[in-house]
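**Q** build the 3D model from these lines:
(chains A and B)
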Amino acid sequence: NAGVMQNPRHLVRRRGQEARLRCSPMKGHSHVYWYRQLPEEGLKFMVYLQKENIIDESGMPKERFSAEFPKEGPSILRIQQVVRGDSAAYFCASSPPSKGRHEQFFGPGTRLTVL
Amino acid sequence: GNSVTQMEGPVTLSEEAFLTINCTYTATGYPSLFWYVQYPGEGLQLLLKATKADDKGSNKGFEATYRKETTSFHLEKGSVQVSDSAVYFCALSEGGSNYKLTFGKGTLLTVNP
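**A** Purely as a prediction, here's the structure:
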């Protein structure tokens, strides 16, 4: 039973480039969460998606960041015109659709470095 | 809003020592509480959880009890091993229709042989 998959594991971008981070949830999971971990900080919630819907994006920066979870394929977190402050580890988590299930399963993360 | 405050690290212990990592929270309603563990270079793994007051979560010798009166969820283990060296995160979720997690800053634990 494959866990949550994220790719790439490491991504290097120059300032001004675009970064695309992919997350494939566990089989049967229809809820996806993205979190950002800055150096020596805890994880901060960014966005919560279900298939084809953004449920809660209260943690997303207003500009340059977007997320989607299409009907087919992985969830994508997109960062346009990256800046050095975007350097962080980005974690995706998924959970099953049934109510009352609180547990989120995390992927290994994508470590983004902006030069 | 919701917040989680956990003991600042790093914590360094000898093998077989007793471990406590304090965690307190602020939340509206009745959140669920979690401890996650992160090994170097890896993602987070759920260690244990409690979904209502007075529940005790336990796993791999770790325990934590949901204390509503003190808004706490302290992590304990009676005898740590070198393999327990990792970063430990306390977290909560409001539940309802949105299970987003609010995390503490993490506590680095190093266990020496």
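**Q** can the helix or strand that residue B:108 is a member of be found next to chain A?
**A** Using DSSP states H and E, residue B:108 sits within strand B:107-112. No - judged by CB under 8 Å from any CB of the partner chain, strand B:107-112 stays clear of chain A, getting no closer than 9.2 Å. Glycine gets a C-beta too; all of them are placed from N, C-alpha and C.
**Q** got a pLDDT number for residue 40?
**A** Assuming you mean chain A. As predicted, residue A:40 sits at a pLDDT of 75.
**Q** hmm, no, I was thinking of chain B.
**A** 85.
**Q** chain A contacts on chain B?
**A** B:4, B:32, B:34, B:36, B:42-46, B:49, B:51, B:89, B:93, B:95, B:97-106.
**Q** quick check: residue A:47 touching residue A:53?
**A** No - counting by CB atoms under 8 Å, residue A:47 sits too far from residue A:53 to count as a contact (11.1 Å).
**Q** when the two are compared, which one has more neighbours?
**A** residue A:47 (23 against 9; other CB atoms under 10 Å in any protein chain shown).
**Q** re earlier: pairing partners for the strand holding residue B:108, with directions?
**A** strand B:11-14 (parallel), strand B:86-95 (antiparallel) (DSSP bridges).
**Q** give me the helices and strands touching the helix or strand following the first one, please.
**A** Tracing the chain C-terminally past strand B:11-14 and defining elements by DSSP H and E, one meets strand B:19-21 next. Counting contacts by 3 or more CB pairs under 8 Å, 6 or more residues apart in numbering or on different chains; DSSP states H and E, the secondary-structure elements packed against strand B:19-21 are strand B:11-14, strand B:75-77, strand B:107-112.
**Q** following element in sequence after strand B:19-21, please.
**A** Next along from strand B:19-21, by DSSP H and E: strand B:23-26.
**Q** which outside residues touch that next one?
**A** Outside strand B:23-26, the residues that touch it by CB atoms under 8 Å, 6 or more residues apart in numbering or on different chains are B:2-7, B:31, B:33, B:35, B:64, B:70-75, B:90, B:92, B:104.
**Q** ok, stretch B:85-94 next?
**A** Contacts of stretch B:85-94 (CB under 8 Å, 6+ apart): A:42-43, A:102, B:2, B:4, B:6, B:9, B:21, B:23, B:25, B:27-29, B:31-40, B:44, B:47, B:73, B:75, B:99-104, B:106-111.
**Q** got it, and stretch A:18-27?
**A** A:1-8, A:11, A:13, A:31-32, A:34, A:74-82, A:86, A:90, A:92, A:94, A:96, A:105, A:107, A:110, A:112, A:114.
**Q** mind checking how far residue A:18 is from chain B?
**A** Residue A:18 is 24 Å from chain B, where distance means CB to the nearest CB, to the nearest Å.
**Q** go on, residue A:46?
**A** On the measure of CB to the nearest CB, residue A:46 and chain B end up 9 Å apart.
**Q** buried residues, the helix or strand bottoming out on mean pLDDT in chain B. List them.
**A** Within chain B, no helix or strand scores below strand B:98-103, which has a mean of 85 by mean pLDDT, DSSP states H and E. Going by neighbour count (16 or more other CB atoms under 10 Å in any protein chain shown), the buried part of strand B:98-103 is B:99, B:100, B:101, B:102, B:103.
**Q** ok, so of those residues, who is nearest residue A:57?
**A** Nearest to residue A:57, judged by CB to CB, of these is residue B:100 at 10.6 Å.
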